[in-house]
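Participant: could you work out the structure for the sequence below:
(chains A and B)
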There are 2 protein chains.
Amino acid sequence: MAFDVPSGYRAFKETEVAAYPAAVPAVAARLGGKPADWTVREVGDGNLNLVFIIEGPAGGVVLKQALPYVRLVGESWPLTLRRAFFEHEALLTQRKVAPAHVPEIFHFDETLALTVMAYLKPHIILRKGLIRGTVYPKLADDMASFMAETLFATSDLGQPAATKKKHMALFCDNIELCRITEDLVFTDPWREATLNRWTSPQLDAVAAAARADGAWKRAAQEYKLKFLSEAQALIHGDLHSGSIMVTEAETFAIDPEFAFYGPIGFDVGALLGNLWLAYFAQSGHEPRPGARDEYRDWILSTAESVWLLFDQRFRGLWNTRHAGDALTPALFPDRTTLRKVQDTYMHHLFADSLGFAGCKMTRRILGLAHVEDLESIGDPDLRAACEKRALRLARSLMVDGQGYTDIKAVSEAARALQREGVT
Amino acid sequence: MAFDVPSGYRAFKETEVAAYPAAVPAVAARLGGKPADWTVREVGDGNLNLVFIIEGPAGGVVLKQALPYVRLVGESWPLTLRRAFFEHEALLTQRKVAPAHVPEIFHFDETLALTVMAYLKPHIILRKGLIRGTVYPKLADDMASFMAETLFATSDLGQPAATKKKHMALFCDNIELCRITEDLVFTDPWREATLNRWTSPQLDAVAAAARADGAWKRAAQEYKLKFLSEAQALIHGDLHSGSIMVTEAETFAIDPEFAFYGPIGFDVGALLGNLWLAYFAQSGHEPRPGARDEYRDWILSTAESVWLLFDQRFRGLWNTRHAGDALTPALFPDRTTLRKVQDTYMHHLFADSLGFAGCKMTRRILGLAHVEDLESIGDPDLRAACEKRALRLARSLMVDGQGYTDIKAVSEAARALQREGVT
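Facilitator: The predicted structure follows:
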């Protein structure tokens, strides 16, 4: 298949990669030694790209290269290489305000659609840690900071309208990646779509019911409209637990190729929704029922802390670093009124975050791209039971979101579903 | 003062204008005859531009040229000429879907920042007609159509996300004009700003109270946030009764230089708010109290019809010409659910429209740019009485908007204020 790629683009083979950094001083310096000393391995397990780790005597880098098609599906689904440009641009923006949680960038090559960045070692993908049952004491704090810093800074609170509009114009062109989300997250799970799949036959009736569930479909489409039209901040756009690298001491958000000016709650909801998926998946990973009860509690309290700390940090930035054209604190010398303004704003973000979390959870069970938390559960009956509970919560967050007055109420709902053993 | 203008730009003097169309065949043809036969007069009474009417034996045209500063304020306030580009682009977009209500464009000259368009004759500015007490039987119907057609077509219901995002990227650059609205409509009336003015001393206490009114300021800032971040459709951006040309048989919307992808309710609210200003101004234009009662009723029923017909047309387009990525009717074969989706959408638009109407009304009384409806009332006590009633409604629409369950409720509130003779 012929793809529309820039002249000079070629997808690297593993054997070709080591030669590349030799011509890029910043990268060669990071690796140290000579090209002959460098080792390369392909580790991409995502849905879209090639990812190579190059290690040299002095250190390692990650070379991430976009392929002109969706890796998960194959060459039949072409996808613009320009996403590498948006990812690089988003990484720069995020690193400026949240340097502790965004990898350092050494090099970007637009023709080859590749970015060379810090190799995070011994960090692992958060999702894998959640499957193993590893506690990450800094996770909530770090991710709350990452989200508050990046989303505040690029919102109408954190930057002037003129700056925001110029940046937004750039990201308006990230059309194809947004399109994937529009279809796969908000639409396909609620209609007959060739690429949908689910645990069958266990979930056949559930999937059919979703397609016939007017209220649920309506909610999904209303969140889709928000995704299409609410340009609140430069969002990461794909902030699930597979886009987060962790150790017990550090947390990094990676892979923002879906970035664009969209609703803030989409990022917060992506993280919360994936934590709740991990919660329901625990039954498939514990050696005996109840063995992971403590870990389950940790997941729920982490989700709570993510929201509560995000809320606190975001308000803190608002009070101390407001630099935008909206909701200016100086207009409200009366602190009670400012507090009301902030309460209203955060209340909307909270409701949005729950709804988007529900969309993201649903699509991972009824749509094309699933998550390892659930996929790795070998027994399909057990997996389906976990998935049904997750779908129950997802639907409730989307359809009855206003019933959740605070984040603890979501934990309680999750616990109730787990306790009832809904199947 | 030196302005940042393209090389080749010069602001036309009236005596120079007639020479221009000779070199533009499409315009010369429209005028007919020879340059010596053409008459020119400057008629610009707006706040920003030069407007010349050129008439020839075969017909007339309007030549509208942007000045590199705000005409209302003077050369001390520079303003980009690029607004002419956005106006032309918006006119083309609007005329494609609402040709009966947008003037034909004959020529656009980017260097000179000028557009040549049809001379509408004997149409007058709606605002002047409203001051005279003229009934326009087609007004509500035509403006409902203009708004429904233009706003639907450019929303996520009327065009695919990819098309919308490309168009939006273009209009993201209309920064300076948006900035004027952000400051003058949403912020200045509620703070001490040098350019604010009001009927003084009659309204001194009212203006001071507005600046101290936490709930009102909060509402103004929340609508400003919507203006900054809700990219619902390509809005006209300045759809007051001075941007509408009418006869009893025809209605045209002109001057969309403030166009950008913003909240739909901002356009609907601009029109409604200016009708309600006209309503309260009638007391200053009637020969004896009550002489314009019937006309007052016509204004209120026109405002009602604007909303009701807009609502009806917008839903009609949704049912028959959906071409976007949001809220697709095909996903809702169950018509009850589709109806709920549409009710929710239109309910939000209605609430937004009332709130934005309130912002627009307020700024015309407490901010920089006033309206002739009120300014032409010679007796300052009488003018102030009209203005106070208008401000009472404006505040109520902004702060207690959810109390208005339908458009008739707004008419009732306006009548009550008029009847009580609030001063």
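Participant: going forward, measure contacts between C-alpha atoms and count neighbours the same way
Facilitator: Fine.
Participant: how about the residues of the stretch 251-400 of chain A by chain B?
Facilitator: For the stretch 251-400 of chain A, the contact set with chain B under CA under 8 Å from any CA of the partner chain comprises A:326-327, A:331-332, A:334, A:337, A:341.
Participant: excluding its backbone neighbours, what's nearest the residue of the stretch 51-200 of chain A found nearest chain B?
Facilitator: Ranking the residues of the stretch 51-200 of chain A by distance to chain B (CA to the nearest CA) places A:Ala169 first, at 4.2 Å. For A:Ala169, ignoring the flanking residues on the chain, the nearest one in space by CA to CA, 6 or more residues apart in numbering or on different chains is B:Ala169 at 4.2 Å.
Participant: so what's the residue count around the one you found?
Facilitator: 21 (other CA atoms under 10 Å in any protein chain shown).
Participant: could you identify the helix or strand that succeeds the helix or strand hosting it?
Facilitator: Taking DSSP states H and E as the definition, B:Ala169 sits inside helix B:161-171. For helix B:161-171, the succeeding helix or strand toward the C-terminus, using DSSP H and E, is helix B:175-184.
Participant: quick check: mean pLDDT of the helix or strand just after that following helix?
Facilitator: As assigned by DSSP H and E, the chain's next helix or strand after helix B:175-184 is helix B:204-212. Averaging pLDDT along helix B:204-212 gives 98.
Participant: what's the angle from the strand or helix carrying A:His348 to helix A:175-184?
Facilitator: Element membership of A:His348, judged by DSSP H and E, is helix A:335-366. Here helix A:335-366 points in a direction 70 degrees away from that of helix A:175-184 (axes from the mean of the first three to the mean of the last three CA atoms, to 10 degrees).
Participant: contacting residues for the most centrally placed residue in chain A?
Facilitator: Note on chain A: the residue nearest the mean C-alpha position is A:Leu239, at 1.2 Å, using CA atoms, centre = their mean. Remark: with contacts taken as CA atoms under 8 Å, 6 or more residues apart in numbering or on different chains, A:Leu239 is in contact with A:253, A:256, A:267-268, A:270-271.
Participant: assign it to helix, strand or coil.
Facilitator: Using DSSP: H, G, I helix; E, B strand; the rest coil, the three-state assignment for A:Leu239 comes out as coil.
Participant: so A:Tyr9 makes contact with A:Glu110?
Facilitator: No - A:Tyr9 is not in contact with A:Glu110 according to CA atoms under 8 Å; the separation is 9.0 Å.
Participant: surely A:Gln276 meets A:Leu300?
Facilitator: No, residue A:276 isn't Gln; it's Trp. Yes - at 7.3 Å, A:Trp276 counts as touching A:Leu300 under the criterion of CA under 8 Å.
Participant: so which bits of the stretch 51-200 of chain A are right by chain B?
Facilitator: By CA under 8 Å from any CA, the residues of the stretch 51-200 of chain A that approach chain B are A:156, A:161-162, A:165-166, A:168-170, A:172-173, A:175-176, A:179, A:191.
Participant: most surrounded residue in those residues?
Facilitator: A:Asp156 (27 neighbours).
Participant: so that one lies in a strand, does it not?
Facilitator: No - going by three-state DSSP, the assignment for A:Asp156 is coil, not a strand.
Participant: identify the residues contacting it.
Facilitator: Applying CA under 8 Å, 6+ apart, we find A:Asp156 in contact with A:164, A:232-233, A:324-326, B:225, B:228-229.
Participant: taking those residues one by one, which sit in helices?
Facilitator: A:164, B:225, B:228-229 (DSSP state H).
Participant: on that earlier part again, closest to A:Ala36 among the contacts of A:Asp156?
Facilitator: Set against A:Ala36, the nearest of those by CA to CA is A:Ala233 (44.4 Å).
Participant: for that closest one, which non-adjacent residue is closest in space?
Facilitator: A:Ser155 (4.3 Å).
Participant: ok, the one you found - how many residues close by?
Facilitator: Neighbours of A:Ser155 using other CA under 10 Å come to 28.
Participant: torsion angles phi and psi at the residue nearest to the centre of chain A?
Facilitator: phi -90, psi 60 (degrees, to the nearest 10).
Participant: which SS state does the residue lying closest to A:Arg364 once chain neighbours are set aside fall under?
Facilitator: Distance criterion CA to CA, 6+ apart; nearest residue to A:Arg364, sequence neighbours excluded, is A:His370 at 4.4 Å. Under three-state DSSP, A:His370 falls in the coil class.
Participant: A:His370 contacts A:Thr362, doesn't it?
Facilitator: No - using CA under 8 Å, A:His370 is not in contact with A:Thr362, being 9.7 Å away.
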